[in-house]
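> next input, structure requested:
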Amino acid sequence: MTSAMSFPQLAVLTLRAPQEAASYIMRQNLPQEFLWTALALVAILNTIMSTLSNMLVPVPPPLDTIVASPFVFSTIVAGGLLLTVYAMYWTGRMLGGRGEVNDLLALIIWLQVLRSVAQAAVLAMLIAVPYLASVMVLVAAAATIWIFVNFVSAGLRFNSLVKALVVVIVGGIALMIGLTLFLSVIGVTAVGVPANV
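Numbers count the residues shown, from 1 in each chain. So this is what the prediction gives:
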């Protein structure tokens with residue numbers, strides 16, 4: 001597909017053929033300034049959705065402290081997304097990937113936009129038909145994993161879901177370590193844990 005696609009068209013394509021959608025997104029060659037702005041907006045959008053979600057289904061402590069502070073939460077989201085991109089990028093490079101950081105960043109941002117839409121749908125479902133909300137959460141989680149693995153494969157030019165899955169697993173371990181370090185840098189007291197523990 002070479003013609004411009006609307007939001008719904010790209011969303012449907014992402015669900016139906018995630019690698020084709022990934023190729024379309026990467027062909028846009030989005031400038032770095034746009035990607036950084038989009039990352040900030042996605043972090044803010046995610047914060048808004050999580051705050052609304054917390055009103056309906058409060059998260060347990062000490063996580064409630066994070067959600068209660070929009071600045072802390074949005075910082076964690078933005079930092080987490082960046083760490084995800086670099087964890088996938090460097091793990092992929094070690095396994096022969098040839099992708100670019102900006103491509104992976106664009107794909108992760110788009111996935112987060114879709115997740116926010118799904119989260120809004122779940123919130124609406126919680127109000128209208130609560131017993132179906134849990135089913136929608138499971139479906140959204142499965143779709144997110146499927147799209148993410150395909151995006152990693154396309155973004156790193158693997159053309160192999162097996163290699164992409166290995167990158168996701170190994171990169172996920174590196175990501176957890178990175179997030180731990182990141183949280184310690186911004187101050188773990190934000191989640192209710194003393195900084196000297």
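
> the spatially most central residue of the chain: which element?
With distances taken as Cα atoms, centre = their mean, residue 112 lies nearest the centre of the chain, 4.4 Å away. If you go by DSSP states H and E, residue 112 is part of helix 101-128.

> what residues of that helix count as buried?
For helix 101-128, the neighbour count (16 or more other Cβ atoms under 10 Å) marks 101-116, 118-119, 122-123, 125-126 as buried. Placement of C-beta: from N, CA and C, glycine included.

> which other helices and strands does it contact?
helix 7-16, helix 18-27, helix 32-56, helix 70-94, helix 130-155 (3 or more Cβ pairs under 8 Å, 6 or more residues apart in numbering; DSSP states H and E).

> what residues are up against the spatially closest residue to residue 150 that is not a sequence neighbour?
Excluding the flanking residues, the one nearest residue 150 by Cβ to Cβ, 6 or more residues apart in numbering is residue 18, at 3.7 Å. Residues near residue 18 by Cβ atoms under 8 Å, 6 or more residues apart in numbering: 146, 147, 150, 151, 154.

> related to what we said a few turns ago, quick check: which of the helices and strands packed on helix 101-128 is nearest to residue 161?
Evaluated with Cβ to Cβ, these place helix 130-155 nearest to residue 161, the distance being 5.5 Å.

> okay, buried residues for that closest one please.
So, applying 16+ other Cβ under 10 Å, buried residues of helix 130-155: 133, 136, 140, 143, 147-155.

> okay, and the helix or strand of the chain with the least pLDDT?
helix 63-68 (a mean of 63; mean pLDDT, DSSP states H and E).

> neighbours around the nearest residue to residue 127 once chain neighbours are set aside, how many?
Excluding its sequence neighbours, the residue lying closest to residue 127 (Cβ to Cβ, 6+ apart) is residue 56, at 7.4 Å. As a burial measure, residue 56 scores 12 neighbours (other Cβ atoms under 10 Å).

> which ones are touching residue 56?
Residue 56 makes contacts with 123, 126, 127, as judged by Cβ under 8 Å, 6+ apart.

> so which of the residues you listed is the closest to residue 164?
Of the contacts of residue 56, the one sitting nearest to residue 164 (Cβ to Cβ) turns out to be residue 123, at 30.6 Å.

> doesn't residue 95 make contact with residue 171?
No. In this structure, residue 171 is not within contact of residue 95 by Cβ atoms under 8 Å, at 9.9 Å.
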